[in-house]
Structure formats: C-alpha cells, structure tokens
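[1] Next comes the sequence, and after it the predicted model I'd like to discuss.
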Amino acid sequence: MNTTGRVLDLFSCAGGAGWGYKLAGFEVDGCDIADRPRYPFDYHRGDALEYLARLIATGEITRYTLVHASPPCQAGCALTVGTNHSQGWGGTHRDLVAPTRELLDLTGLPYVMEQPNGRAEIRKDVSLCGEMFGLGVLRHRNFELGRWATIAPAHRKHRGYVRGHRHGVRREGPYVAAYGDGGGKATVLEMQTAMGISWTEVREELTEAIPPAFTQWIGTAFMTARQGVLV
C-alpha cells in the first residue's frame, strides 16, 4: 500500500486516533503506558514522554513524518472541572499538556496535540465534532497544530440531544453517551457503531477513544497542507 508517511501515536490507548491516520494513508506506531493488546499497529508499552525523549536523543524520531499526542485529560476536562469539582468527587490529576508540548517542540516535526473541551491549555487550532462526520456521538475534541496549519471546519448545528439522563432529566436524541456507566449511557455495541471502532470491545478503551473520522480528517488536511494548499 502506498503511504503518505509515518505517524507516532503517543498516549495511544486502543488506537482510535491511529486508525484514522491509517485511513488517511499513514503507517502508524503507538505508545501507551498501559497494556493495549488490541492496538492494531506496532506498539511500544511505556511512558509516552520518556519514550519520546529517547527517540529524540537517539535520532530515531526522524523516521516519523508527524507526531500525534493525546495526553491524559483528567486535569482539565469539562467533567473534572465541572461536575466532579462541584460535588467534591475525584482526586488531583497531573497536567501533562505543557511537558508534552515541550518535547513535541524538541522533535522539530509537525505535531498534533488533542484534548477534549475543558480548561486544558492548548490552542484550539481545529475543533471537531461527530456531527461533522455523521457520527452517532458528538465527542467534541480540540487539536493544537504545531509547525503546520489548516483552515478549521465550521461546527455544524447538532440535530438534537445526547440520549440519556442528565441532571435528573431523561432525553432522547440521535447521539449516544459514550462515557461512564448508567444513566442511559451507550452499550459497547452502540459505542462501536457510533464511533466506527470495531477492534476493541473493552468499555474503558471505547470511552477514551477518538473517533477515527477525526484523525482521518486531520491526516488528510496535513498532507494537503504539505502540498501547499490549505483545506
């Protein structure tokens, strides 16, 4: 298969982001601190930032065309800073956005850093939503782009509510809640179908996943930008 380059997928989880880059024509290598036997590409288990630092120090980072990083988001995500904080739930979380960016800058390569809506301190160069791709989830995600740029797509109007209970009210709608348990949250099969993910049936992996359509769009936009045309 002809490829457009190789992506390093850091904090890869089960490979939602990686699969999107594959669909865009890239080869993909992943790294995650947890055991991810269902990850569909070559994979290194270990601390993502330590691994990236080693690749930089040895020069092996030069085999990559693009670096994607999805550092843990609990410190700044909407759930942590909103409902959990107001209720006194949860604990403290280390913010890995700044140290991740520092190393991404040291690679000298174009990069993508992803975070959900919330207070994570990243540039929102591109924001994507499942409605843009006809998905059964909204899954708003923000992307900081380093050493490249593209035109952000318009955010389409949602067609209705996310199905389930929220603040004691049950609503129906065209989107499923692909996070947590109870309260009308999506089943494993519903999450797989809504996000376009078939290779894992692990609920925790699905609730953390980026729909591949997001990074397929990002990867295609990157290659188009490299050719001198913004999309």
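    Received, thanks.
[2] For the nearest residue to Arg203 once chain neighbours are set aside, give me phi and psi.
    Of all residues not flanking Arg203 in the chain, Val188 sits nearest, at 5.7 Å (C-beta to C-beta, 6 or more residues apart in numbering). For glycine as for every other residue, the C-beta is placed from the backbone atoms N, C-alpha and C. Main-chain dihedrals, Val188, degrees, to the nearest 10: phi -60, psi -50.
[3] One more: Asp9?
    Torsion angles, degrees, to the nearest 10, at Asp9: phi -100, psi 100.
[4] Please apply the same query to Thr150.
    phi -150, psi 170.
[5] now it, nearest residue through space, not along the chain?
    Ala221 is the one closest to Thr150 (C-beta to C-beta, 6+ apart), at 4.2 Å.
[6] a strand runs through that neighbour, doesn't it?
    No - the assignment for Ala221, made by DSSP: H, G, I helix; E, B strand; the rest coil, is helix rather than a strand.
[7] Would you state the strands of this protein in chain order?
    Using DSSP state E, the strands of the chain run over 6-10, 27-32, 42-45, 66-69, 111-116, 126-128, 141-146, 164-166, 169-171.
[8] For the residue nearest to Arg203, which residues are in contact?
    Glu201, Arg203, Leu206 (C-beta atoms under 8 Å, 6 or more residues apart in numbering).
[9] Kindly indicate which of those lies nearest Tyr51.
    Tyr51 lies nearest to Leu206 out of the contacts of Val188, by C-beta to C-beta, at 24.3 Å.
[10] Quick check: the gap between the residue nearest to Thr150 and Thr4.
    12 Å (C-beta to C-beta, to the nearest Å).
[11] Then Glu204?
    31 Å.
[12] do the same with Gly182
    With C-beta to C-beta as the criterion, Gly182 and Thr4 are 42 Å apart.
[13] what about these two, which has more around it?
    Using other C-beta atoms under 10 Å as the criterion, Gly182 and Thr4 rank with Thr4 on top: 17 against 7.
[14] Next up, the contacts around the more buried one.
    Thr4 makes contact with Ala24, Gly25, Phe26, Thr65, Gly219, Met223, according to C-beta under 8 Å, 6+ apart.
[15] so the third one sits right up against Tyr64, yeah?
    No - between Phe26 and Tyr64 there is no contact, the gap being 9.7 Å when judged by C-beta atoms under 8 Å.
[16] more crowded one of the two?
    More crowded of Phe26 and Tyr64, by other C-beta under 10 Å: Phe26, with 26 against 21.
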